[in-house]
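Q: Show me how the following folds:
(one chain, ligands or ions: 2)
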Amino acid sequence: MKRWILVLIILALGLAWASQLPGCAGLRGASGTSAADRVYVKPGEHDTYYGFLSGGHHGNVYVYGFPSCRHITTIPVFTPEPAVGYGYDEESKEMLGGRTWGDAHHPGLSETDGDYDGRWLFINDMVSARIARIDLSDFKTRQIFGPIPNLSAAHACPFPTPNTEYVFAASRFSVPVPNRTVALEDYGKDFRGIVAGIKVDPKDGTMSLGFEILMPPFDWDLADAGKGPSHGWEFFTCYNSEMAFDSLEVKASQHEMDYIAAVDWRAAQKAVDDGQATTIGGAPVLDPAKVKGIVYLMPVPKSPHGVDVDPTGQYICASGKLQAEVTVLSFARMKAAIDAGRFDGDQWGVPVIRHEDALEAKVPVGLGPLHTQFDDKGNAYTSLFLDSQIAKWKVGPPWTVEDKIDVYYSIGHLMASEGDTRHPTGDYVVALDKLSKDRYLNVGPTHPEGAQLIDLRGPKMELLYDFPTYLEPHYAQMIKAEKLKPIKIYPLESNTKPYAIKSADQARIERKGSRVDVYMLAVRTHFSPDKIRVNEGDDVYFHVTNLEQDDDIAHGFGILWSNCNMQIEPGETKSMHWKAEKAGVVPFYCSNFCSALHQEMQGYIEVRPRGASLAVAGQP
Ligand code: K7E
Ligand code: CUA
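A: Numbers count the residues shown, from 1 in each chain. Ligands and ions are numbered 1, 2, ... in the order given. Prediction:
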C-alpha cells in the first residue's frame, strides 16, 4: 500500500516537472507556452483585443477582452436596462420608441479603407428591421434607425462598406410591398423581398435611407461588402428560391441552387438621385425590372447561409449549409459576365449570371458550413455546424483543407481577430457555439452559450479556453484594443444639454401649469434640491446633472414605488419623467454606489393632495 503511494507521488512530481519544460508535447503549444499562459492576463493588466458579441434576442451587445475571455461590460441597445436607466430616461426612451425587445445578430464595426477604425459599432435588430449605432468613444447607443419601411426582419444587416459609406439591410421574410392583406397563396405574385442601403454620415455616423431595391420573394439571409477590386458592391445570400410560404424546412430545400445577389450600390444610389425610384412607404424604391445595372443574381448550391469576401476582395465565399463545400465565386469572372452581357435569363427582372461563369472553386470543408473568416497568411476558417468543427483552408489554388479542430458544440458564427477586414491579424478565432451541453456547471435545462478561444498562430489551430456567454451571440467582431480610446468623463464645459446646470445656485424647481421641472445637481453625496414639493397629478421632470469630473463616479437616481431609475455619469445630464400619482411622501435615492456616504444620498418628494394650494417652485 505504502509503496503505491510513493510511486504515485514520484509520478505526480515527474509530471509537474515535465510540464515546466518548454515544448513538452501535449502540455505546451507551438509557441512554447501553455494554453493557460496564453490566456492569462495579470491582475491590473489589460487585454490586447476588444470583442463585441451580439446578444441575440437579449437585444444588446456584450463586450469581452481577449485573450483573457473576461466579460467587461454589456451595452444596452434594443432592450431597456434598468441598471443604467437605459430606456428609462427621456432620450433613450424616445430612441427605443416603446419597443422592449430586439434580436441583435450582427455587429458591424465602422471601417476606413476596409479596416476597423474604432469609431462606431452598428448592430441590427432583425425583428423590427432597425439598425443601432453605438459610439465607441463612450460605448453608448446613440441612434436607432428604423423600422426600415417595406422591409420585414433585417437579418442580412448591417455589414458596413469599406469606408462605412453604407450599412445594409435585407428582408428575411418576403411580404407584400406595400404591405396589405394578400392571401398567403398569392405569395409568388404579390410578395417581394427588399434590399435597403442605409447611408452613414462620414462626420458623425448618422444613418439615413439611401435606396431600396425590390427583390424576388426569397428569404434573404446574410451579406458582406466587397473590398479592393469588389469595392462598390454588396453581396447577399438567400434561401427559399422555391418561394414556399409554409413548411419551409422541407419545401425550401428542394432546389439544387439558390442565389447570391450582387448589388452595385453606387449605381443604385445614382438611380435614386436621377429620379428613377418610386416612393413606397416613404422610401425611394427601385424596381430592377425597370432600372437596369443595379443588381445581379449568381446561383450557388443548397440554401447558402454566410457570404464572406476574402481580404483581397477577389473571392466571394458562400457556405451552402446543406452542402459539404464552400463555393468560391470570383469577382473578376462575375464582372466579365456582366460586361459581356452574358446572362441566363432573369428573376423578377434581375439578370442571372451562369453558375459556371462566376465559379472559381469548391472547397470540401465538411458538413454544415455556415460562416467564414480569414487570417493574415492567406487562410480561411469556416464554421461547420453539423460536424461541430472549424475547417482551415487555403484561399487560392489548390484550395485545400489544411486543418480541422473540434468545437463544443454546434458552432454558428466564428470571430477571427479583425478577421473580416482587409488586414486580419491572424492571432485568434473564437468559436461561437450554439450548445454548451456539459461544458459548465449544470444550471437546469437551458445551458449558457459556449464560446471557445482558439490560437491561430501555430501551424495547427489550438483550443486555449472555454467561456460561457449569456443568450445568444450570433456574430461577433474582435478589434485591436489600441484602436479604441474611450473617454473617462463627459467634460462639463462641453455639456450643452438644455436642462444642464453647472452649479448649486442654478438648482431650482420651475412650474408651468401641471408640469414641474426639477433642475437637480448630484455630487458626492448630495442631491440639490433634496426636498421637492409638488401636487397630486403633476408631471414632474427630473433633470439631473452629475457635477463630478472623476473617472467612474456615476450617481443613480431612483424613485420609490415607481418605474423610474437612471444612472448619470460624470459631467452628464439626464432627464426623466415621473407622475405624481397620489398624495403622500415619496423618497428618492442614489441607486449607484458612489461613496462612503452613498446611503445618505437621498431626498423626499412631498405630494400635496388635489385641491391643496399649488406647491411653490423656486430655489431650494
Ligand atoms: Cu448564422 Cu443570425 Cu448570422 Cu445565427 S446567423 S449563427
Ligand atoms: Cu451617489 Cu450613490
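
Q: What strand or helix carries the closest residue to ligand 1 within the stretch 351-500 of the chain?
A: Here the residue of the stretch 351-500 of the chain nearest ligand 1 is G412; by Cβ to the nearest ligand atom that distance is 2.8 Å. To be clear about C-beta, it is placed using only N, CA and C from the backbone, and glycine gets the same treatment. Applying DSSP states H and E as the criterion places G412 in strand 411-416.

Q: Now do that strand: distance to the chain's middle.
A: With Cα atoms, centre = their mean, to the nearest Å as the basis, strand 411-416 stands 14 Å off its chain's centre.

Q: what lines up beside it in the sheet?
A: strand 428-433 (antiparallel) (DSSP bridges).

Q: what's the next secondary structure element after the strand it pairs with?
A: strand 449-455.

Q: Give me the contact list for that next one.
A: Residues outside strand 449-455 that contact it (Cβ atoms under 8 Å, 6 or more residues apart in numbering) are 29, 31, 35, 38-39, 53, 66-67, 69, 390, 405, 407-409, 427-436, 439, 461-473.

Q: list the buried ones in it?
A: Across strand 449-455, burial judged by 16 or more other Cβ atoms under 10 Å covers E449, G450, A451, Q452, L453, I454, D455.

Q: what does stretch 329-336 give?
A: Within stretch 329-336, the residues that count as buried by 16+ other Cβ under 10 Å are L329, S330, F331, R333, M334, K335.

Q: just checking, the fifth one touches P299?
A: No - if you go by Cβ atoms under 8 Å, M334 and P299 don't touch, sitting 11.8 Å apart.

Q: Could you name every residue contacting both of the two?
A: Shared contacts of M334 and P299 (Cβ under 8 Å, 6+ apart): I353.

Q: re the thing from before, filter the buried residues of stretch 329-336 down to just the ones in strands.
A: Those of the buried residues of stretch 329-336 mapping onto strands are L329, S330, per DSSP state E.

Q: what about this protein, any weak spots by pLDDT?
A: For the chain, the stretches with pLDDT under 70 are 1-32, 619-620.

Q: which residues in it form helices?
A: For the chain, the helices defined by DSSP state H cover 2-18, 35-39, 90-96, 187-190, 248-251, 265-273, 331-339, 355-358.

Q: So which of the ones you listed is nearest ligand 2?
A: Of all the helices of the chain, it is helix 90-96 that lies closest to ligand 2, at 20.0 Å by Cβ to the nearest ligand atom.

Q: what's around the closest residue to V175 other than its chain neighbours, how many residues?
A: Residue nearest to V175 in three dimensions, not counting chain neighbours: S152, with 4.7 Å by Cβ to Cβ, 6 or more residues apart in numbering. S152: 22 surrounding residues under other Cβ atoms under 10 Å.

Q: just V616 next, same as before
A: By other Cβ under 10 Å, neighbour count at V616 equals 8.

Q: and it, what is it in contact with?
A: R533.

Q: From E572, how far off is it?
A: 29 Å (Cβ to Cβ, to the nearest Å).

Q: can you check L286 too?
A: 43 Å.

Q: mind listing what's buried in stretch 184-199?
A: Y187, F191, R192, G193, I194, V195, A196, G197, I198, K199.

Q: out of the residues you listed, who's nearest Q323?
A: In terms of Cβ to Cβ, no member of these lies closer to Q323 than G193, at 22.1 Å.

Q: Would you map the strands across the stretch 401-550 of the chain?
A: Per DSSP state E, counting those that start in this stretch, the stretch 401-550 of the chain carries strands over the ranges 401-406, 411-416, 428-433, 449-455, 462-469, 476-480, 508-512, 515-523, 526-528, 531-535, 539-546.

Q: Double-check the residue nearest to V175 against P176; I have them as touching.
A: No - using Cβ under 8 Å, S152 makes no contact with P176, being 9.9 Å away.

Q: Identify the contacts common to those two.
A: Shared contacts of S152 and P176, counting by Cβ under 8 Å, 6+ apart, come down to nothing at all.

Q: If you tally nearby residues, what's the number for the closest residue to ligand 2 within the stretch 351-500 of the chain?
A: Proximity of the stretch 351-500 of the chain to ligand 2 (Cβ to the nearest ligand atom) peaks at I489, 15.4 Å away. Around I489 there are 17 other residues, counting by other Cβ under 10 Å.

Q: Look at the nearest residue to A35 once chain neighbours are set aside and say how many residues are nearby.
A: Closest residue in space to A35, ignoring its immediate chain neighbours: L464 at 4.6 Å, by Cβ to Cβ, 6+ apart. Neighbours of L464 under the rule other Cβ under 10 Å: 21.

Q: My read is that L464 contacts R38, right?
A: Yes - between L464 and R38 a contact is recorded at 5.6 Å, counting by Cβ under 8 Å.

Q: Between these two, which contacts overlap?
A: By Cβ under 8 Å, 6+ apart, L464 and R38 have these common neighbours: P67, D455.

Q: hey, where'd the strands end up in the stretch 151-300 of the chain?
A: Going by DSSP E, counting those that start in this stretch, the stretch 151-300 of the chain shows strands at 152-154, 166-173, 175-176, 191-200, 207-215, 219-225, 233-239, 257-264, 278-280, 283-286, 295-301.

Q: what does the last one contact?
A: Contacts to strand 295-301, defined as Cβ under 8 Å, 6+ apart, come from residues 195, 213, 215-216, 237, 256-264, 268, 288, 318, 320, 322-323, 325, 327, 329, 334, 338, 346-347, 350-355, 358.

Q: tell me how far that strand is from the chain's mean position?
A: 27 Å.

Q: With the third one instead?
A: Between the mean C-alpha point of strand 175-176 and the mean C-alpha point of its chain there is a distance of 26 Å (Cα atoms, centre = their mean).

Q: and what of stretch 561-575?
A: Put simply, stretch 561-575 sits 25 Å off its chain's centre (Cα atoms, centre = their mean).

Q: Ligand 1 contacts on the chain?
A: With Cβ under 6 Å from any ligand atom as the criterion, the chain meets ligand 1 at residues H105, H106, H155, L222, H305, L370, H371, G412, H413, H474, Y475.

Q: Please repeat the previous calculation with a cut-off of 5 Å.
A: By Cβ under 5 Å from any ligand atom, the part of the chain that sits against ligand 1 consists of H105, G412, H413, H474.

Q: returning to what we had before: put together CSV for the strands of the stretch 401-550 of the chain, with distance to D376 on each row.
A: Shown next, in CSV, are those (distance: least, Cβ to Cβ, whole Å):
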stretch, distance to D376
strand 401-406, 15
strand 411-416, 10
strand 428-433, 12
strand 449-455, 14
strand 462-469, 17
strand 476-480, 13
strand 508-512, 59
strand 515-523, 48
strand 526-528, 53
strand 531-535, 60
strand 539-546, 44
